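Participant: I would like the atomic coordinates for the input below:
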Amino acid sequence: MVKFQFQSISHLLDMGGHGFYVWSAVIVTLIVIIGLIVRPLLQHRVVLNQIAQELAREKLRKKTNVEGN
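Facilitator: This next block holds a predicted model:
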């Protein structure tokens with residue numbers, strides 16, 4: 001059976017008087033990790049949209065050049 005280190009939730013949050021520092025470090029760490037995961041995904045989407053726009057412009061440019069000749 002699993003034995004818990006803390007008697008109650010309040011003891012868990014307090015962490016022997018160090019709770020503020022521990023939980024603030026946990027929150028900052030999670031924010032950084034989430035940012036490191038989400039930011040590249042968003043940038044990837046932006047780059048794909050830019051590539052699609054550039055391909056559409058190039059296709060239109062070629063079509064205009066063929067019709068102009």
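Participant: could you point out where the chain is predicted with low confidence?
Facilitator: Along the chain, segments meeting pLDDT under 70 span 68-69.
Participant: What segments of it are helices?
Facilitator: Along the chain, counting by DSSP state H, helices occupy 9-14, 19-68.
Participant: Among the ones you listed, which comes closest to Lys3?
Facilitator: helix 9-14 (13.9 Å; C-beta to C-beta). In this view, the C-beta of every residue, glycine as well, is placed from N, C-alpha and C.
Participant: I'd like the helices of the chain written out as a markdown table, with mean neighbour count and distance to Met1 added.
Facilitator: Listed next are those as a markdown table, based on neighbours: other C-beta atoms under 10 Å; distance: least, C-beta to C-beta, whole Å:
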| stretch | mean neighbour count | distance to Met1 |
| --- | --- | --- |
| helix 9-14 | 12 | 18 |
| helix 19-68 | 10 | 26 |
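Participant: Now tabulate these in CSV and tack on distance to Val2.
Facilitator: Shown next, in CSV, are the helices of the chain (distance: least, C-beta to C-beta, whole Å):
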stretch, distance to Val2
helix 9-14, 14
helix 19-68, 21
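Participant: which ones are touching the residue nearest the centre of the chain?
Facilitator: By C-alpha atoms, centre = their mean, the chain has its centre lying nearest to Val38, at 1.4 Å. For Val38, the contact set (C-beta atoms under 8 Å, 6 or more residues apart in numbering) is empty.
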